[in-house]
Every structure is written in C-alpha cells, then in structure tokens.
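Asker: I would like to see how this sequence folds:
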Amino acid sequence: MAVSDLQLVVNTLLYFSIFVCGFVISIPLGVANTEASATCLLYSTITVSDFSTRPTINFSRRANCNFPIYVSVVGCIFYALGMGIYNLYTIYKSQRDPPVVSQMYVLPIILNTLGAFLMFICSCIISVGFKQFCDSLMDKPYKYFRCSRAQALDIVADGGKQTGSLKHFYTNINITQTASWICTLCWVLLVVSGIIRFVRDRRHQIRPRQDLDHGAIIEEEIDTEAHHEALSKVVEESSSETTSKMYDPLPVLEGAMRNPLPWFETMWKIVNV
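Answerer: Predicted coordinates for the structure are as follows:
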C-alpha cells in the first residue's frame, strides 16, 4: 500500500475504535441506570437521617444519563461505523485512482469537530456527575473511604417506596467514564489528522498552478527578449544602410570621371577665392 494512504488507514482505525467505544459507553451506563430503578445516578445525592436506617438516594434528572447515551449511539456507533466502512472503500478505490483520497476531507473535518465537541461535553457530564455522586457517598455522617465500597449498599429510593442496592454502579460508570475520554481523544486525533491532510492537499494543488504561472512568465520574458533582439537588428541594418547612402564617395568619383569639366571649374573657383 502506498505511503500516502497511511494516514487514511490510521483514520479508519480511529473510526472503528470510536465505534467500539460507543458500545462501552452506552451499555454500562444503561445497565447502571437499570439497576438504579431506571433512573440516573449521575449528579444524584445520598442523604442519611438516622444511622439505623438505610440511606436515601435523591436521583437526578434522566437527561444527565440519556444525553451521553444518545450521543454515543448516534455519533460513535452509527456515524463512526459508516465512516469506517467508507474509508475502507476509499482505500480500496485509491489503489486504482490515488487522487480520490484528497477529495474526502472537507465534510468529515466539520462532522468530526462536532463529534469531538459533543463527546467532550459528554465526558465532562459523566466525570463530574460521577464525582458528585461519590462525594455524597463518602461524606459524613455515612462515610465511605472509597466509593467502590458502596456498591453493596442498601438504599431507599423514590421517597421510601422502593428499597434495594446500588449493585455494580461504580464498575459500570467507571468503565463508561474511561471509555468516554478515550473516545474524546480519538475524535480529537481525527480532527487534527483531517486538518493536516487538508492543508497538505491544498499545498499540492497550489504548487502545480504556481509552476505553470512561473513557466508562462519565463516564456513571456523569452519572447520579449527575442523581440527586442530582432528589433535591434532591424534598427542596426536600417542605420547602416542610411549611413552608407549619406557618406559613400563612389557616386561622386564616378561622376567626375565621366565629366571632369564641372569638377575642375569648381576646384578653380575654390583656389581663386
């Protein structure tokens, strides 16, 4: 495979990495929500009224969990999969038509920038919401030294109507958080790679135009010099002909040999004067 297609291969691998991250983000977060009575644990808080009773969890809005799930499904799974397949097709097609690679970077740069921005927001939502929930678990009076130790905690939810445990919330959300930041990094690498490739292709397109313009200027200068040389030769020839006509003594001598009388009269007058 040509070295010029190496960047396209790397981009394809990044797209498929984002595709895998989409599942790793959405599935564990969805499982954590299901185990928490189909609500969202991000930004939730734990309150304890009495040491003898179970802690009460105040769930946050479901949008805090639904937004990262939707972005990971639409942007990371569907879009990244489509772009990965498209890049594979482009790699195959570039073996016969190499210039096709330089025609596919404008629109993906815009979409990848949007994807990187949305994924960064999702990563921040997950990380900050997870930290806030863990801080409430490790806060007094019901204090855990590590958030992971509260996974088997029995809780009261929905205003005391439901009881249960948090089960594997820490493992699931921690996996989602790690995958979201890895996915964000892949998006950023795609944006940087697309910009570098776009700038490089633009330079390759401008160079032939500059070479053609430079060649045209040189040809024009050569034609101008040739024209000046030809014009100089014509001027020299015409001036030499004029000079020979004005100062050539042969016609005067020939006239004196044929009729010497006017010549001697002229010379006599000059001497007598």
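Asker: Compute the distance between the nearest residue to residue 45 once chain neighbours are set aside and residue 65, please.
Answerer: Spatial nearest neighbour of residue 45, excluding adjacent residues (C-beta to C-beta, 6 or more residues apart in numbering): residue 136 at 4.4 Å. Yep, even glycine has a C-beta here, placed from its N, CA and C like the rest. In this view, residue 136 and residue 65 are 16 Å apart by C-beta to C-beta, to the nearest Å.
Asker: So which of these two has more stuff around it?
Answerer: residue 65 (27 against 19; other C-beta atoms under 10 Å).
Asker: was I right about the more buried one contacting residue 38?
Answerer: No. With contact defined as C-beta atoms under 8 Å, residue 65 and residue 38 do not form a contacting pair (10.1 Å).
Asker: ok so, going back, who are the contact partners of the residue nearest to residue 45?
Answerer: 44-47 (C-beta atoms under 8 Å, 6 or more residues apart in numbering).
Asker: Over to residue 18?
Answerer: Shown in contact with residue 18 (C-beta under 8 Å, 6+ apart): 76, 80, 115, 183, 186-187, 190.
Asker: try it again with 10 Å
Answerer: 25, 72, 75-77, 79-81, 83-84, 112, 115, 119, 182-187, 189-190 (C-beta atoms under 10 Å, 6 or more residues apart in numbering).
Asker: Ok, residue 71 next?
Answerer: Per C-beta under 10 Å, 6+ apart, neighbours of residue 71: 22, 25-26, 115, 118-119, 121-122, 125, 180, 183.
Asker: Disregarding residues adjacent in the polypeptide, which is nearest to residue 29?
Answerer: Setting aside the residues directly before and after it, residue 29 is nearest to residue 176 in space (C-beta to C-beta, 6+ apart), at 4.4 Å.
Asker: do the same with residue 167
Answerer: Nearest to residue 167 is residue 35, by C-beta to C-beta, 6+ apart, at 4.6 Å.
Asker: how many neighbours does that neighbour have?
Answerer: 18.
Asker: and what of residue 203?
Answerer: 9.
Asker: in what helix or strand does it lie?
Answerer: Assigned by DSSP states H and E, residue 203 belongs to helix 169-247.
Asker: Stretch 71-88: which residues count as buried?
Answerer: 71-73, 75-77, 79-81, 83-84, 87 (16 or more other C-beta atoms under 10 Å).
Asker: Please type out the ChimeraX selection for whichever of the contacts of residue 71 turn out to be buried.
Answerer: Only the buried entries of the contacts of residue 71 go into this ChimeraX selection, using 16+ other C-beta under 10 Å:
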select :22,25,26,115,118,119,122,125,180,183
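Asker: Tell me the one of the contacts of residue 71 nearest residue 56?
Answerer: Closest approach to residue 56 among those (C-beta to C-beta): residue 125, at 23.8 Å.
Asker: you'd agree that closest one is in a helix?
Answerer: Yes. Counting by DSSP: H, G, I helix; E, B strand; the rest coil, residue 125 is part of a helix.
Asker: from memory it sits against residue 70, does it?
Answerer: No. Taking contacts as C-beta atoms under 10 Å, residue 125 lies outside contact range of residue 70: 11.9 Å.
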